[in-house]
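Chemist: here is a sequence together with a model predicted from it:
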Number of protein chains: 2
Amino acid sequence: MKKIPVLEIFGPTIQGEGMVIGQKTMFVRTGGCDYRCSWCDSAFTWDGSQKAELLTAEEIVNRLRETGGTSFNHVTLSGGNPALHQGIEEVIAMLKDEGVRTAVETQGSIWQDWMIDIDDVTISPKPPSSRMKTDWEKLDHYINHLKDRPGKRTSIKVVIFDESDLRYAEAVHSRYPDVPMYLQTGNPHLDAAEGEWLLKQLLLNYEWLVNQVIASDRLNEVKVLPQLHTLLWGNKQGV
Amino acid sequence: MKKIPVLEIFGPTIQGEGMVIGQKTMFVRTGGCDYRCSWCDSAFTWDGSQKAELLTAEEIVNRLRETGGTSFNHVTLSGGNPALHQGIEEVIAMLKDEGVRTAVETQGSIWQDWMIDIDDVTISPKPPSSRMKTDWEKLDHYINHLKDRPGKRTSIKVVIFDESDLRYAEAVHSRYPDVPMYLQTGNPHLDAAEGEWLLKQLLLNYEWLVNQVIASDRLNEVKVLPQLHTLLWGNKQGV
Ligand code: SF4
Ligand code: SF4
């Protein structure tokens, strides 16, 4: 059995973002990323500051049950970029056997066949403010392989920090008009302690983004969302 | 052409609640309600404090275009209880001709055949704290007529103020296990001015609800959401 580097397993909590926002879920956060986004909120998955544990699929599922008991039907694979890892197909299969649905978020830079088996796939290409470059052909391939899966769902999510990110999101949306699209406020204050100041900034950023979307007739179909967990718990890890 | 009592037409803004949370949408708020919920946040639709305008379907669609221009593809019918009104089928048909999708929210107490044509139907039965009584047979009929509509979506939303509301939501959820279920924090502070105090209370209530859902293995499948527009704009009407 292949081993997967895992940084944290926690929950149940709610999914604070994107296509299954509000859903009760467990999180499995894998280590490592092929990107280095300037504003990465999970840099501890790749900057060496925290050490991953190598776990088999069976160990991951056992750990999920030890932590979440019977209080979950949904598991979210997060990173880093979970698509770095083979062996995840076994996690998905074991959870499916127990009637547990799965979700993943990845930037769409590395393909894995197990993506097909995930119930809720969020593809999150990174806008200019991240300082990463999108490989459009790779992204085309990724999205075309995922968008029509009966009974399963695929969406695109773009985190927006500024107007050039917004133009990028419009380009993504017009390239894949049939794929449900989510815009999300970024959090430029990753070092802020929990508190009222951070909350106020996050809501101001969200209001700015809402107003931008309201004004653009190229973005009539998008959904604009904040990060609920950040509104609730600030920058705390593991919630 | 039948006339429909309309209290406000506004947008585009975002849908702050439920199954299409974050969606860019216009709102048409109709007057009148067959309920009198103790905590109704739209009491001005039925308590006589604001006067409705009688509009034909054509006038409503024209007003939507005057207000929203080309910056919307989605219209939400809200109330009051929009199901009080015949004539809404013409609004839906005219919008459909323009490629505009529709959503409605109703407590499920009064049936209208036009419900079938709405893209996103939210049925929101009222929990004990509202002091309203649920007619379960009527609700069965309602939900059974709506839940399997190819290409269209139906969900249940229950607003939660206290633990007995939560027990009610569990009962609703186990009666209709196949229908996507949303739990939403109530706003007990309808008279609060905009401001930090209200925001803090709303987030504390949301955190309480999240924790309740996390602890209940009868609520593994629900989505728990706040009201985004209230977080952004407090108790302001027309946003
Ligand atoms: S892709 Fe995600 S995990 Fe990787 S660096 Fe960017 S934000 Fe961080
Ligand atoms: S059903 Fe809705 S509009 Fe009618 S009284 Fe209750 S909360 Fe208010």
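Modeler: Done, it's in. Numbers count the residues shown, from 1 in each chain, chains lettered A, B, ... in the order given. Ligands and ions are numbered 1, 2, ... in the order given.
Chemist: nearest to the spatial middle of chain A, which residue is it?
Modeler: residue A:105 (3.6 Å; C-alpha atoms, centre = their mean).
Chemist: hang on, it in a strand?
Modeler: Yes - according to DSSP: H, G, I helix; E, B strand; the rest coil, residue A:105 belongs to a strand.
Chemist: what about the closest residue to it other than its chain neighbours, which SS state?
Modeler: Using C-beta to C-beta, 6 or more residues apart in numbering or on different chains and skipping residues adjacent in sequence, the residue nearest residue A:105 is residue A:122, 4.4 Å away. Quick note: C-beta positions are derived from backbone N, CA and C, even for glycine. Under three-state DSSP, the three-state class of residue A:122 is strand.
Chemist: do the one 10 residues further on as well
Modeler: Using three-state DSSP, the three-state assignment for residue A:132 comes out as coil.
Chemist: I figured it hits residue A:126, correct?
Modeler: Yes - counting by C-beta atoms under 8 Å, residue A:132 does reach residue A:126; the two are 4.3 Å apart.
Chemist: compare those two and say which is more crowded by neighbours.
Modeler: Between residue A:132 and residue A:126, residue A:126 has the larger neighbour count (other C-beta atoms under 10 Å in any protein chain shown), namely 22 against 18.
Chemist: measure that one to ligand 2 for me?
Modeler: Using C-beta to the nearest ligand atom, to the nearest Å, residue A:126 is found at 42 Å from ligand 2.
Chemist: which strand runs longest in chain A?
Modeler: strand A:4-14 (DSSP state E).
Chemist: now for that strand, which elements pack on it?
Modeler: If you count contacts as 3 or more C-beta pairs under 8 Å, 6 or more residues apart in numbering or on different chains; DSSP states H and E, strand A:4-14 packs onto strand A:24-30, strand A:53-55, helix A:57-68, helix A:228-233, helix B:196-215.
Chemist: at 6 Å instead, please
Modeler: Under the contact definition 3 or more C-beta pairs under 6 Å, 6 or more residues apart in numbering or on different chains; DSSP states H and E, strand A:4-14 sits against strand A:24-30, strand A:53-55, helix A:57-68.
Chemist: for chain B, which of those is the nearest?
Modeler: strand A:24-30 (5.8 Å; C-beta to the nearest C-beta).
Chemist: residue in chain A with the shortest distance to ligand 2?
Modeler: Residue nearest to ligand 2 within chain A: residue A:22 (20.5 Å; C-beta to the nearest ligand atom).
Chemist: wait, that residue sits on residue B:226?
Modeler: No - taking contacts as C-beta atoms under 6 Å, residue A:22 lies outside contact range of residue B:226: 8.7 Å.
Chemist: what helix or strand is residue A:80 located in?
Modeler: For residue A:80, there is no helix or strand it lies in under DSSP states H and E.
Chemist: ok, and the closest non-adjacent residue to residue A:39?
Modeler: residue A:186 (5.9 Å).
Chemist: which residues does the one you found contact?
Modeler: A:39, A:159, A:161 (C-beta atoms under 6 Å, 6 or more residues apart in numbering or on different chains).
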